[in-house]
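A.B. asks: Task: produce atomic coordinates for the following.
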Amino acid sequence: MPNADLDAMLVTLKKAAGALRDAGVPFMLGGGLAAWVRGGPESDHDLDFMLRPEDADEALDVLAAAGMRPERPPEAWLYKAWDDNDVMIDLIFEPVGLPITDETFERAEEIEVEAVRMQVMSRLQEPPPDRPAGAGAGELGGHAGANGRLGLRSRLLHTRGGARNYRGAPQRWIVGA
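C.D. replies: As a prediction, the model looks like this:
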């Protein structure tokens, strides 16, 4: 059965990615849709774009100029934008424990997603060396499947509310292959 939410997200992804690309604002696709691009389960939650902090304001302005409704929520690590179908884009620029830097972008992989080439956050790596001992090292986020193996989506970055992902599971880090 077709996933209407995924279809709407893909339309928004193409529109937002094209606008950011045309404006020269670097971003990486992260979260559930990045996992789907790499063969994980379909996502229907939201779009996550990872940005350097210095690019966040411009990215939000570009999406607003493209007709999306911008928001600067009280959380100091992300902005939000909605398209006319109420698909939400999280513009994440200060995820907990993982600075988005030139090095982070260098480790991302350029992949064609729905005919649009973009940087996609890549495979799991250990937490950054400055992460406190025991805070994330050796933990696997998400849920194990019937065979006990974690799906790819569980291994992609999705920071919300500290060192936990949006489902409240312990989180691991994705910074590139």
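A.B. asks: When you work out contacts or count neighbours from here on, use the C-alpha atoms and nothing else.
C.D. replies: Noted.
A.B. asks: looking at the sheet around L29, what are its partners?
C.D. replies: F49, V120 (DSSP bridges).
A.B. asks: what are the ranges of the helices in the protein?
C.D. replies: 4-23, 31-37, 56-65, 102-107 (DSSP state H).
A.B. asks: Please identify the deepest-packed of these.
C.D. replies: Ranked by mean neighbour count under mean count of other C-alpha atoms under 10 Å, the helices of the chain are led by helix 31-37, which reaches a mean of 24.
A.B. asks: tell me which strands and helices that helix is in contact with?
C.D. replies: strand 47-50 (3 or more C-alpha pairs under 8 Å, 6 or more residues apart in numbering; DSSP states H and E).
A.B. asks: If we go by neighbour counts, what in the strand it packs on is buried?
C.D. replies: Within strand 47-50, the residues scored as buried using 16 or more other C-alpha atoms under 10 Å are L47, D48, F49, M50.
A.B. asks: is it true that the third one touches M28?
C.D. replies: Yes - in this structure, F49 sits in contact with M28. The criterion is C-alpha atoms under 8 Å, and the distance is 5.5 Å.
A.B. asks: show me what contacts P26?
C.D. replies: Residues near P26 by C-alpha atoms under 8 Å, 6 or more residues apart in numbering: L20, L51, R52, D55.
A.B. asks: Top of those residues by number of neighbours, please.
C.D. replies: In terms of neighbour count, L51 stands highest of those at 26 neighbours, by other C-alpha atoms under 10 Å.
A.B. asks: so what's I92 up against?
C.D. replies: Counted by C-alpha under 8 Å, 6+ apart, I92 has contacts D48, F49, M50, L51, A56, W77, L78, Y79.
A.B. asks: hang on, the earlier thing: need the helices of the chain in JSON lines (columns: distance to E71 and mean pLDDT).
C.D. replies: JSON lines is the format used below for these (distance: least, C-alpha to C-alpha, whole Å; pLDDT from 0 to 100):
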{"stretch": "helix 4-23", "distance to E71": "15", "mean pLDDT": "94"}
{"stretch": "helix 31-37", "distance to E71": "19", "mean pLDDT": "91"}
{"stretch": "helix 56-65", "distance to E71": "8", "mean pLDDT": "98"}
{"stretch": "helix 102-107", "distance to E71": "25", "mean pLDDT": "91"}
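A.B. asks: Where in this protein is the helix or strand with the lowest mean pLDDT?
C.D. replies: In the chain, no helix or strand scores lower on mean pLDDT, DSSP states H and E than strand 173-174, which sits at a mean of 42.
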